[in-house]
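Enquirer: here is a sequence with its predicted model. Questions after.
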Amino acid sequence: MEDTRLAFERAADGVEGGERALQAMTTAYARLISTRPETLLMQMQGYAAVAQGDDLIGEVVRAGWMRIWDTVHLPLGADADETASSFACGMLGNTLTAIGLPVGAGR
């Protein structure tokens, strides 16, 4: 999760405007999961472990998720609805990627 957070942070660094920051972060994340798919697979495995009741993993996953949220939230103008919408689209992309469909299949 830290690799994902760092990719977002680096992509948004110095970018003016929420839409431009979102595009930069989206591009960086797509590059990350296409070049290092294990990053996405480990995130998904963490979510599955939490769903199965692993409290220790749950603490780590929730803390990592909140750090990623904070990293994305500020460049998007600290707009909770915009941040939530961005994460929703990202999670759809994650799911499609994880099951082997192109991200555009969700449109």
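Expert: Sure thing, it's come through. Because the structure is a prediction, the values reported are computed rather than measured.
Enquirer: quick check: buried residues in the helix or strand harbouring L56?
Expert: With secondary structure defined by DSSP states H and E, L56 is part of helix 55-73. Of the residues in helix 55-73, those with enough neighbours to count as buried (16 or more other CB atoms under 10 Å) are I57, G58, V61, G64, W65, R67, I68, T71, V72, H73. C-beta: built from backbone N, CA, C; applies to glycine.
Enquirer: give me the next element, helix or strand, following that helix.
Expert: Downstream of helix 55-73, the first helix or strand assigned by DSSP H and E is helix 80-98.
Enquirer: ok, residues contacting that following helix?
Expert: Under the contact criterion CB atoms under 8 Å, 6 or more residues apart in numbering, helix 80-98 has outside partners 18, 22, 26, 29-30, 33, 37, 40-41, 43-44, 69, 72-73, 76, 102-103, 105-106.
Enquirer: buried residues in it?
Expert: Applying a neighbour-count criterion of 16+ other CB under 10 Å, one finds E82, T83, S86, F87, G90, G93, N94, T97 buried in helix 80-98.
Enquirer: check which residues of the helix or strand hosting E38 are buried.
Expert: With elements taken from DSSP H and E, the one containing E38 is helix 37-51. The neighbour-count criterion (16+ other CB under 10 Å) identifies T39, L40, Q43, G46, Y47, A49, V50 as the buried residues of helix 37-51.
Enquirer: and for stretch 2-22?
Expert: Neighbour counts using 16+ other CB under 10 Å place T4, R5, A7, F8, E9, A11, A12, G18, A21, L22 of stretch 2-22 among the buried residues.
Enquirer: can you tell me which two in those are farthest apart?
Expert: Looking at these by CB to CB, the two members farthest from one another are T4 and G18, with 19.2 Å of separation.
Enquirer: in contact with the nearest residue to I68 once chain neighbours are set aside, which residues?
Expert: Across the structure, with CB to CB, 6 or more residues apart in numbering as the measure, the residue nearest I68 apart from its sequence neighbours is R5 (4.8 Å). R5 makes contact with G64, R67, I68, T71, according to CB under 8 Å, 6+ apart.
Enquirer: tell me the pLDDT at the third one?
Expert: Translated: I68. I68 carries a pLDDT score of 95 in this model.
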